[in-house]
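In: predicted model, plus sequence, below.
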Amino acid sequence: MGIKQKAEEKKMSMSKNIARLAVTAGLTAALSFSGVMAPVTMLSPYTDLIERLIPDPMFQVSVVHILFKVVAAAILLPCTNLVVKLTYKLIPKQKHEDAARLEFIDVNLVGNPSVSLLQIRSEVDRMAKLVEENLSLAMEGILA
C-alpha cells in the first residue's frame, strides 16, 4: 500500500469521524430540544417561576439555558450508547479504523506479569510502527 493511499485512507477516516460527530451532535440537539425544551417551555408555571425569581431578562436566559442543559444531560445520559450505535449504523466503521485498538493485550492474562510484559512489548512495537508511519505521512505532507 502506497503512502498516498494511506494518507487518503486517514483523510477518509478523519472525515467519517467528523461526520459521526456532526450526526451525534445533531441527534443530541434534536432529542434534547424535542424531549426537554419544547415540553418544559410550554409549562406556564415554569416560565412564571423564572420571571418571578429573576427580574433581569438576560439573567433569565442564562438560568434557563443552564437548567435546560442540566435536564437534557440527565435525560440523555442513559441514551448515550443508543446514540453511538445509531451513529455507527448511519456511518459504518471501516476496517482501517480499528488500527488504534489494542491487538496484543489479552485481558484474561493480565494477572501473569511475564505474559503481560511480552504482550505490552508487542503492543508498544505495533504502536511505534503506527507512529513512525504517521510521522512519515506528516513529513511527506509538509514537504510536498
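Out: Received, thanks. Numbers count the residues shown, from 1 in each chain.
In: from residue 143, how far off is the residue lying farthest from the centre of the chain?
Out: What lies farthest from the middle of the chain is residue 52; by CA atoms, centre = their mean that is 39.1 Å. In this view, residue 52 and residue 143 are 65 Å apart by CB to CB, to the nearest Å. For glycine as for every other residue, the C-beta is placed from the backbone atoms N, C-alpha and C.
In: residue 124 too?
Out: With CB to CB as the criterion, residue 124 and residue 143 are 28 Å apart.
In: again with residue 21
Out: 30 Å.
In: those two: which has the busier surroundings?
Out: A direct count of neighbours by other CB atoms under 10 Å for residue 21 and residue 143 places residue 21 higher, at 12 against 6.
In: per-residue confidence at the more buried one?
Out: Residue 21 is assigned 75 on the pLDDT scale.
In: which phi and psi does it have?
Out: Dihedral angles phi and psi of residue 21 (degrees, to the nearest 10) take the values phi -60, psi -40.
In: quick check: the most centrally placed residue in the chain vs residue 129, distance?
Out: Nearest to the geometric centre of the chain sits residue 21, at 6.2 Å (CA atoms, centre = their mean). From residue 21 across to residue 129, the span is 28 Å (CB to CB).
In: repeat that for residue 82.
Out: 36 Å.
In: what is the neighbour count of the nearest residue to residue 54 once chain neighbours are set aside?
Out: Sequence neighbours aside, residue 60 is the residue nearest to residue 54 in space, at 4.8 Å (criterion: CB to CB, 6 or more residues apart in numbering). Using other CB under 10 Å, residue 60 has 15 neighbouring residues.
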